[in-house]
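here's my sequence, what's the structure:
(2 chains)
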Amino acid sequence: MNENKLKELKRGSAAIRMETLRMMRKKGYGHLGGAMSIVELLSVLYNEVLRYDPQNPSWDGRDYVVLSKGHSGPALYAALALHGFFDTEWLGTLNDGGTRLPSHPDRLKTPGVDATTGSLGQGTSVAAGLGMALRIEEKDQKVYLIVGDGELNEGQCWEAFQFLAHHKLHEVIVIIDHNKRQLDGKLTEIMNPFDLNKKMESFGFHVISADGQKEESIYDALQQAGGVKDSAVCILLETEKAQGVPYYVDREDNHAPKFDEAANRELDALIEELRMQVEDGGK
Amino acid sequence: MWKLTEQKGEQEMRKVFVQTLDKLMNENEKVIALEADLGGASGFSKLGKSHPKQFINVGIAEANMIGIAAGLSMRGLTPFLHTFAPFAVRRACDQIFLEGAYAGNTLNIYGSDPGVCAATNGGTHTTFEDLAVMRAIPEVEIYDPADGVQLEWLIGEMIGRKGVHYIRTTRKQMPDIYQEGSVFEIGKANVLREGADVLLIAAGLGLKPALDAAEVLQEKGIDAAVVDMFTIAPLDADTIRSQMSGKKLVVTVENHNITNGLGGAIAEIMAEDASGIPLRRVGIKHEFGQVGSLDYLKKYYGLTDQNIVDTVIKSL
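Okay, here's the model as predicted:
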């Protein structure tokens, strides 16, 4: 990846992070941790990888994004707004009565949202269905399924993974956001996933590891995943919950914090820093 | 238009389902059949042989099947999926609610062997609550067809029809009620028999006993109307209102708990209208299911024509 492209992707990440934090800052709360850990992924997807038409969100030839960890919806909304699906002014309406941006994604409400998610695990099966439809129709489009590592507690994920592996359904690229935390604490304390790489491999997946904080690593992994044609494919994205927001990275409450004054100060400073990064064209 | 048949035949409902789907799959490559490893029980395995590209067996994973079907429908395919009624409605309730109804996707669900039709599969496989669950989900259409003619017509109507459609019916034989080629209207109840004294409202497994009970009552000088409420949601309140007007008694008959099923739905209308007409609900009285032959269970839970006759006579 050349330097300019990387700069553009980093700038894209800064913009998504900034807009997402602004939305939450305005509300005084939000599912911060899991939204932050997919920011770099969303930047790479929407800037470099996905085929889509913001003027025609239901374009038949698009790639699909199924954000199965639906609580990270605000980051998706930021990405969609920044890529022209709707006005960025909508972002200020998150969770307001009558908004088109509910906390969890709703395909009937928001342009560019492909799947309604929020009841964890369910997006995995929907992605499998979309992938199977593409297989039946003999299309070369992809379904990018973003699933949380905590979400993998849900048995339905493994039902869907079995299905993907059985059918070698490479039309679906499973991306596990391995941020090592779930709502109540560390995965290793709440429900140990053990070695996810081995686990997915033993389920029949071609597993690609990537650094979810580095755009170039994510890009390479997605390119590699797109070339897999003989099995189901999974990117194990090593991330950090609340990544890019140092104040929250190691905090127990970083899943969905309510912001106190100290947090507000930190977030304001970070938002300003991100704004400058966006204006400077990325660092 | 529909007509009652004079013949005393019967049809195996799963055969009707499979044959009708087979025909539709020939005509329309967008029709996809899904199974959760009950293809031998439903006959859906035959569709896998005749249309391998239009058949998906997801294995024993009903929740996954619902989500997959929802995903298929997002690409404009028309999924028909089968599992036993409890494994659809109870086990995959959240998936039907969320990825089906709430997300605006299309699911055509064949929930087989509802209520006492579970028979020798027993209490674990018995749903006396599927209507209650599905009735509470907005926009879901619920069908309880009474014979093969009605079922065949119904399946055909699902082509191009968006939304969640729950078809609850046995896999086994149901007596013929309608003439071949009868045409119905979704959401419109069929008045099979006019009558001045009593209104019997039934669907599915309850319809034949209701018709037979009306005959017996006639001999006793009681004039009973019979309505086939094969669409349980959306409910045809207009026909209920016009039919109950002037009656001395309304009796519902259902292969389901009397709470929140067909009888519950009728009770809501009658209460809101302050009809003042007594209502009796023939059905399961808040009990669990159990194992046994269909005949044994119908008698045990009081779903026979004699139970309906007794209820009417006792209540008038």
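
in chain B, where is pLDDT below threshold?
Under the criterion pLDDT under 70, no range of chain B is flagged.

tell me the domain ranges of it?
The record's domain split for chain B, according to automatic domain parsing, is B:10-175, B:190-315.

for the first one, measure first residue to last.
It stands for domain B:10-175. Chord length of domain B:10-175, first to last residue, is 4 Å (C-alpha to C-alpha, to the nearest Å).

please see if it touches chain A.
Yes: Domain B:10-175 reaches chain A (C-beta under 8 Å from any C-beta of the partner chain) through B:32, B:53-54, B:56, B:58-59, B:61, B:63-75, B:77, B:94-95, B:98-99, B:102-104. Quick note: C-beta positions are derived from backbone N, CA and C, even for glycine.

for residue B:153, give its distance to residue B:207.
15 Å (C-beta to C-beta, to the nearest Å).

okay, residue A:104 and chain B: tell me how far apart.
10 Å (C-beta to the nearest C-beta, to the nearest Å).

how much space between that residue and residue A:147?
14 Å.

name the residue in these two with the higher neighbour count.
Comparing residue A:104 with residue A:147 by neighbour count (other C-beta atoms under 10 Å in any protein chain shown), the higher total belongs to residue A:147, at 26 against 17.

my read is that residue B:75 contacts residue A:130, right?
Yes: judged on C-beta atoms under 8 Å, residue B:75 makes contact with residue A:130 at a distance of 6.4 Å.

who has more neighbours, these two?
Neighbour count, other C-beta under 10 Å: between residue B:75 and residue A:130, residue A:130 has more, with 29 against 19.

in three-state terms, label the closest residue to that one other than its chain neighbours for me.
If the residues on either side of it in the chain are set aside, residue A:130 comes closest to residue B:71, at 4.1 Å by C-beta to C-beta, 6 or more residues apart in numbering or on different chains. Using DSSP: H, G, I helix; E, B strand; the rest coil, the structure places residue B:71 in helix.

contacts only, for residue B:71.
Shown in contact with residue B:71 (C-beta atoms under 8 Å, 6 or more residues apart in numbering or on different chains): A:115, A:125-133.

residues contacting the longest helix belonging to chain B, please?
Ranked by residue count and defined by DSSP state H, the top helix of chain B is helix B:13-27. Applying C-beta under 8 Å, 6+ apart, the set of residues contacting helix B:13-27 from outside is B:31, B:33, B:41-44, B:46-47, B:50-51, B:54, B:80, B:82, B:110, B:112, B:145, B:148, B:151-152, B:155-156, B:159, B:169-174.

which ones among these map onto strands?
Those of the contacts of helix B:13-27 mapping onto strands are B:31, B:33, B:80, B:82, B:110, B:112, B:169, B:173-174, per DSSP state E.

pull the most distant pair out of these.
B:31 and B:173 (25.5 Å; C-beta to C-beta).

compare the two (neighbour count), which wins?
residue B:31 (23 against 16).

in contact with the more buried one: list those residues for me.
Per C-beta under 8 Å, 6+ apart, neighbours of residue B:31: B:21, B:24-25, B:54, B:77-78, B:80, B:159.

need the phi and psi values for residue A:182.
phi -120, psi -180 (degrees, to the nearest 10).

what about residue 119, which SS state?
Going with chain A. Following three-state DSSP, we place residue A:119 in the coil state.

please refer instead to chain B.
helix.

nearest residue to it in space, ignoring adjacent ones along the chain?
residue B:294 (4.8 Å).

for burial, what's the neighbour tally of the one you found?
18.

same deal with the one 10 residues further on?
In terms of burial, residue B:304 registers 17 neighbours under the definition other C-beta under 10 Å.

again with the one 3 residues further on
Here the number of neighbours of residue B:307 (other C-beta under 10 Å) works out to 18.

same deal with residue B:251?
So residue B:251, with other C-beta under 10 Å, has 26 neighbours.

same deal with residue B:160?
9.

over to residue A:109?
12.

can you tell me the helix or strand for it?
Assigned by DSSP states H and E, residue A:109 falls within no helix or strand.

ok, now which ones touch the nearest residue to it once chain neighbours are set aside?
Residue nearest to residue A:109 in three dimensions, not counting chain neighbours: residue A:100, with 4.8 Å by C-beta to C-beta, 6+ apart. Residues in contact with residue A:100 (C-beta under 8 Å, 6+ apart) are A:86, A:90, A:93, A:109-110.

how about the residues of chain A near chain B?
A:106-108, A:114-116, A:118-119, A:121-134, A:136-137, A:156, A:159-160, A:162-163, A:166.

which residues does residue A:177 contact?
A:34, A:37-38, A:41, A:69, A:72, A:146-149, A:212, A:237, A:239 are the contacts of residue A:177 under C-beta under 8 Å, 6+ apart.

in the sheet, who's paired with it?
With DSSP bridges as the criterion, residue A:177 is bridged to residue A:148, residue A:237.

can you tell me how far it is from chain B?
For residue A:177, the distance to chain B (C-beta to the nearest C-beta) stands at 19 Å.

again with residue A:232
Distance from residue A:232 to chain B, by C-beta to the nearest C-beta: 14 Å.

for that residue, grab phi and psi.
phi -70, psi 160.

what segments of the stretch 201-316 of chain B are helices?
Counting by DSSP state H, counting those that start in this stretch, one finds helices in the stretch 201-316 of chain B at the ranges B:207-219, B:237-244, B:262-272, B:294-301, B:305-315.

what's the angle between the second one and helix B:262-272?
Angle of helix B:237-244 versus helix B:262-272, following axes from the mean of the first three to the mean of the last three C-alpha atoms, to 10 degrees, is 80 degrees.

only the C-alpha atoms, please, for helix B:237-244, written as CSV.
Included here for helix B:237-244 are C-alpha records, laid out as CSV according to Å, rounded to 0.1, in the frame of the first residue of the first chain:
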residue,chain,number,x,y,z
ALA,B,237,-63.5,-9.1,12.4
ASP,B,238,-66.1,-7.9,10.0
THR,B,239,-67.4,-11.5,9.4
ILE,B,240,-67.3,-12.2,13.1
ARG,B,241,-69.4,-9.1,13.8
SER,B,242,-72.0,-9.8,11.1
GLN,B,243,-72.2,-13.4,12.0
MET,B,244,-72.5,-13.1,15.7
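
that's all I had, so thanks and see you.
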